[in-house]
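Chemist: Okay, structure incoming, though there's no sequence with it:
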Ligand SMILES: NC(=O)NCCC[C@H](N)C(=O)O
């Protein structure tokens with residue numbers, strides 16, 4: 001069985017968490033949204049509606065969608081199932097979030113994967129912290145890791161060791177401070193792979209060496225505007241090569257993607273994505289891509 005060492009191969013199995021089980025209720029959202037640093041309090045009923053639309057698109061493209069359980073040790077951010085683990089072709093690596101409030105999510109995942117008999121090839125330990133959003137498969141043998149507030153040097157050292165036999169190139173990209181430690185800035189905030197040779201990027205946040213490296217590798221870059229970057233327009237989930245999903249309100253990136261031959265599906269993500277800063281890639285943990 002091979003799992004996932006790509007951001008773009010056809011998505012066959014994905015793990016998600018339903019907002020019913022992450023957001024719990026309007027009262028719970030009211031109590032917690034500021035602590036989790038959301039832009040505004042999400043509307044619970046609207047979030048459920050948005051998620052149905054999101055799941056409809058996902059269900060049309062993905063054979064197996066598994067749901068993480070509701071559990072009182074995790075909070076609102078557990079909706080963003082991408083971050084507590086990262087898959088390789090041999091199985092999962094259990095991470096430990098750079099956002100303290102999210103750290104209990106890793107243990108829930110660990111038990112869940114064990115129960116499902118999905119292999120775990122490693123787990124961060126000691127002082128290491130990393131979020132899945134900082135780890136990108138550029139191709140099947142190239143792993144890129146963003147070093148920022150959510151992912152530290154010790155995690156990078158451990159990830160390098162764990163993936164030594166699985167990658168030829170391990171590239172570290174220094175992330176900018178941008179809006180500061182409290183805000184969520186991941187490597188995947190400014191790059192989404194849409195095909196092996198096509199990526200959506202927000203270049204103002206990219207180190208020059210990384211942008212040049214992408215171009216040298218023959219990856220065509222589609223630039224997102226600042227307005228659409230702020231609306232999560234750079235967060236594009238590939239369901240298959242050049243078949244992707246974005247949140248509504250990103251018409252410029254949608255039309256650029258279509259011009260590049262991509263099929264683009266949209267979902268309204270004001271409550272489930274925008275307010276918590278987690279687009280479609282963040283809402284999904286790809287387990288198997290072919
Ligand atoms: N991979 C991602 O970019 N995930 C977004 C996570 C957003 C969440 N509110 C967080 O701060 O961790």
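Modeler: That came in fine, so what should we check first? Note that the structure is predicted; figures quoted are calculated from it, not measured.
Chemist: Going by C-alpha atoms from here, please, whenever you check contacts or count neighbours.
Modeler: Fine.
Chemist: Can you pull the residues of the protein lying near the ligand?
Modeler: 77, 80, 82-83, 133, 184, 186, 189, 276-278, 282 (CA under 6 Å from any ligand atom).
Chemist: Kindly recompute the last result at 5 Å.
Modeler: 133, 184, 276-278, 282 (CA under 5 Å from any ligand atom).
Chemist: Show me the two of these that sit farthest apart.
Modeler: Maximum pairwise distance among the residues of the chain next to the ligand (CA to CA): 14.0 Å, between 133 and 276.
Chemist: what about the residue in the stretch 51-200 of the chain positioned nearest to the ligand, how many residues close to it?
Modeler: With CA to the nearest ligand atom as the measure, residue 133 is the residue of the stretch 51-200 of the chain nearest to the ligand, at 3.6 Å. By other CA atoms under 10 Å, the residues close to residue 133 number 25.
Chemist: Also the one 4 residues further on?
Modeler: For residue 137, the tally of surrounding residues (other CA under 10 Å) stands at 21.
Chemist: Look up the closest residue to it, ignoring the ones flanking it.
Modeler: Of all residues not flanking residue 137 in the chain, residue 143 sits nearest, at 4.7 Å (CA to CA, 6 or more residues apart in numbering).
Chemist: what does the helix or strand encompassing that neighbour contact?
Modeler: Taking DSSP states H and E as the criterion, residue 143 maps to strand 142-147. Residues from elsewhere that reach strand 142-147, judged by CA atoms under 8 Å, 6 or more residues apart in numbering: 134-138, 153, 156, 167-175, 186-187.
Chemist: 7 Å instead?
Modeler: Contacts of strand 142-147 from elsewhere in the structure, counted by CA atoms under 7 Å, 6 or more residues apart in numbering, are 134-138, 153, 167-175, 186-187.
Chemist: Now, of those, which are buried?
Modeler: 134-138, 153, 167, 170-173, 175, 186-187 (16 or more other CA atoms under 10 Å).
Chemist: In helices only, show me these.
Modeler: When the buried ones among the contacts of strand 142-147 are checked against helices (DSSP state H), the matches are 153, 187.
Chemist: Can you add pLDDT and give the buried ones among the contacts of strand 142-147 back as TSV?
Modeler: Output for the buried ones among the contacts of strand 142-147, formatted as TSV (pLDDT from 0 to 100):
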residue	pLDDT
134	98
135	98
136	98
137	98
138	98
153	98
167	98
170	98
171	98
172	98
173	98
175	98
186	98
187	98
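Chemist: What are the boundaries of the helices in the stretch 151-290 of the chain?
Modeler: Per DSSP state H, counting those that start in this stretch, the stretch 151-290 of the chain carries helices over the ranges 153-162, 187-190, 208-216, 226-230, 251-259.
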